[in-house]
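Engineer: 3D model of this:
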Amino acid sequence: VKLGSFGMLRFMLPLFPEAVQGAASFMMGLATLSIVLGAVVAAVQTDARRMLAYSTLSHMGFVVLGIFSLTHAGIVGASIQQIAHGVTATLLMMLVGVIIDRIGTSDLRLLGGIKAIAPKYATVFLLAMLASVGLPGLNGFVGEFLTLMGAFQSGYSGFSGISTAFAVVSGLGVVFAAVYLLGMFQKIFYGPEKTWETGDFTDLKPAEFQLAAFLLLFVFIGGLMPSLFTKPVESAGQAARLMAIEEGGKRPVWADRTLEIDFSGKQSDRGALVRVDSAGEPVEILTGSNLYTIPEKATSKPLAYKEDKL
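Structural biologist: Next up is the predicted model:
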């Protein structure tokens, strides 16, 4: 799944800019449909594995939404969402695998009362589930927030027929995610203890707990120190964005250093994106005032950007 979204960023935006601009509204519509439909289908599942599979469909919709917003925030958010979902989905699948290993089923109708007999397992599952929901302070929040912000910026501009309705409807995916994930947690961990065919449920073993703790470390780092992940992808994300939206002759290219984008080493501009000339001197510094930009109102001309005054 992640390979497809990486291909969009790495190949589709730079190689097919006109097609990307023309299809941006259509792709954001598909992303919105994926977010909402995936969440609704996940909510009616009775098996934990199938529920997590459909939740992936919903979460990856945010990635596509951010990419085709063609905004800096959206593209960076899409990149971060891929990392965050990879961590939380791995952790949740591992925890569901523990249930299957212990009792041989992940059918929610046969589960209940595990919190009383496996408190460590319940705590780890709760944190992973909250990260997937997008709780602030955990890694799932950053990517979803940035992709939705990018979708609002693009919708506000009216570029290529993009509407703010895409962002508004996509926001319902966050609500639906809370519904089905909290419902799953309630069914597994609360209620009366069930009698299973394959013996009693036991708490996490040391090796299982260590693996879960390692993944949880990235859950907290991604939520509390997101700049560790956003800074490295900003330069590449901005380059891909400019390749997709700039006029011909102004797009960053590998063979022309006059259009290269790199990180500035100056203390005052640390972390800023710059254009450099053939001697390596900065020509244009893209900092806070002109980095997070939104498109002009849609026209038939190639897309131009203005400063975001919000």
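Engineer: which parts of this structure are strands?
Structural biologist: For the chain, the strands defined by DSSP state E cover 260-263, 273-276, 282-286, 294-295, 305-306.
Engineer: least reliable of those strands going by mean pLDDT?
Structural biologist: Mean pLDDT is lowest for strand 305-306 among those, at a mean of 38.
Engineer: okay, the residue nearest in space to the middle of the chain: pLDDT?
Structural biologist: Among the residues of the chain, the one closest to the centroid is Gln81, at 1.9 Å (C-alpha atoms, centre = their mean). Here, the pLDDT recorded for Gln81 equals 92.
Engineer: now Glu193
Structural biologist: pLDDT, Glu193: 70.
Engineer: so it sits right up against Ala116, yeah?
Structural biologist: Yes. If you go by C-beta atoms under 8 Å, Glu193 and Ala116 touch, sitting 6.7 Å apart. The C-beta positions use only the backbone N, C-alpha and C, and glycine is treated the same way.
Engineer: sorry, back to before: now the residue nearest to the centre of the chain: closest residue in space, sequence neighbours ignored.
Structural biologist: Gly143 (2.9 Å; C-beta to C-beta, 6 or more residues apart in numbering).
Engineer: what number of residues lie near the one you found?
Structural biologist: Neighbourhood size, Gly143 [other C-beta atoms under 10 Å]: 28.
Engineer: the nearest residue to Ile188 once chain neighbours are set aside: what's it in contact with?
Structural biologist: For Ile188, ignoring the flanking residues on the chain, the nearest one in space by C-beta to C-beta, 6+ apart is Leu111 at 4.8 Å. When contacts are counted by C-beta atoms under 8 Å, 6 or more residues apart in numbering, Leu111 touches Ala48, Ile99, Thr105, Lys187, Ile188, Lys194.
Engineer: same check on Gly223?
Structural biologist: Gly223 neighbours (C-beta under 8 Å, 6+ apart): Ala131, Leu135, Pro136, Gly137, Leu138, Asn139, Gly140, Phe141, Val142.
Engineer: any idea how far the residue lying closest to it once chain neighbours are set aside lies from Leu130?
Structural biologist: With sequence-adjacent residues excluded and distances taken as C-beta to C-beta, 6+ apart, Gly223 is closest to Leu138, at 4.0 Å. Going from Leu138 to Leu130 by C-beta to C-beta, to the nearest Å gives 6 Å.
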